[in-house]
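Engineer: got a structure for you, letters missing:
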């Protein structure tokens with residue numbers, strides 16, 4: 001039997017890695033590298049080492065792939081993902097900032113950089129990275145979702161978020177995440193009990209988001225809370241019930257539903273929801 005060609009080594013290593021047979025993937029990749037340098041084999045070997053719990057070897061091989069092909073977006077992202085999975089946010093930030101210099105128009109790199117900044121509690125940097133991701137790839141859902149979960153750290157950027165979401169909606173009317181995030185940013189600017197044109201606009205946007213994506217528990221929750229604010233308790237209850245149906249493990253939704261049930265005079269149902277809220281709260285994430 002002759003020596004395997006590098007291309008054959010590469011395919012066999014890919015197949016082994018996909019089958020999660022890391023020992024075989026490592027053996028094939030190392031065999032291939034004995035016959036010459038290959039960025040792809042270094043990358044696969046690094047991922048195999050990562051899956052087999054050998055982080056130092058993983059970093060070395062992933063770096064070798066980047067050294068050979070410094071403008072390969074996939075190789076850069078594989079390194080960042082490995083570091084993010086290990087919650088080594090400092091190293092991930094350094095790797096991604098280096099990648100950003102080589103690939104300034106990569107939404108994948110920008111999104112991962114936002115996650116790395118968030119992990120370092122660099123919230124303003126994270127917000128700006130997610131906003132730039134929206135500029136680069138307005139159809140990608142993740143930056144909207146991340147921003148929606150960290151709006152309390154983005155108070156100084158709410159107007160910018162609202163503007164960017166409006167632009168995204170115009171460029172892609174079928175994007176459900178842009179109206180959802182715009183509604184959340186508008187709600188974040190409302191007073192404690194305001195029911196005005198801004199609140200009505202938030203309702204319209206959330207209804208639009210639900211029409212585009214009917215399984216969005218967060219959109220149902222936000223709309224239910226707005227109906228609670230409006231004192232439309234029957235509709236609030238129905239919306240919060242739908243949110244819980246889609247995401248039963250959210251303790252806050254159970255708490256808000258319990259309060260609405262009290263407004264409707266449904267004391268037994270409220271007690272049950274308060275109990276569920278407490279049980280989920282104690283269980284933690």
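Structural biologist: Everything's here; your move. All of these numbers come straight from a predicted model, not from anything done at the bench.
Engineer: run through who's touching the helix or strand containing residue 126.
Structural biologist: Per DSSP states H and E: residue 126 is located in helix 123-136. By Cβ atoms under 8 Å, 6 or more residues apart in numbering, the surrounding residues in contact with helix 123-136 are 105-107, 110-111, 113-115, 117-118, 140, 142-144, 146-147, 150, 153-154, 156-157, 160-161, 164-165, 168. Placement of C-beta: from N, CA and C, glycine included.
Engineer: tell me which of those fall in helices.
Structural biologist: Within the contacts of helix 123-136, residues falling in helices by DSSP state H are 107, 110-111, 113-115, 117-118, 142-144, 146-147, 160-161, 164-165, 168.
Engineer: are any of the residues you listed buried, and which?
Structural biologist: Buried members of those, scored by 16 or more other Cβ atoms under 10 Å, are 107, 110-111, 113-115, 117-118, 142-144, 146-147, 161, 164-165, 168.
Engineer: just the buried residues of stretch 159-175, please?
Structural biologist: Neighbour counts over stretch 159-175 (16+ other Cβ under 10 Å) mark 161-162, 164-165, 168-169, 175 as buried.
Engineer: show me what contacts residue 259?
Structural biologist: Shown in contact with residue 259 (Cβ under 8 Å, 6+ apart): 228, 270.
Engineer: name the residues of the host helix or strand of it that are buried.
Structural biologist: Element membership of residue 259 [criterion: DSSP H and E] is helix 251-263. Across helix 251-263, burial judged by 16+ other Cβ under 10 Å covers 251, 253-262.
Engineer: ok, so of those, who is nearest residue 187?
Structural biologist: Set against residue 187, the nearest of the buried residues of helix 251-263 by Cβ to Cβ is residue 256 (13.6 Å).
Engineer: nearest residue to that closest one other than its sequence neighbours?
Structural biologist: Using Cβ to Cβ, 6 or more residues apart in numbering and skipping residues adjacent in sequence, the residue nearest residue 256 is residue 240, 5.7 Å away.
Engineer: quick one: which helix or strand includes that neighbour?
Structural biologist: In this structure, residue 240 sits in helix 233-246 according to DSSP H and E.
Engineer: gap between that helix and the chain center?
Structural biologist: Per Cα atoms, centre = their mean, to the nearest Å, the displacement of helix 233-246 from the mean C-alpha position of its chain is 25 Å.
Engineer: same question for stretch 52-72.
Structural biologist: Stretch 52-72 has its C-alpha centroid displaced from the chain centroid by 24 Å (Cα atoms, centre = their mean).
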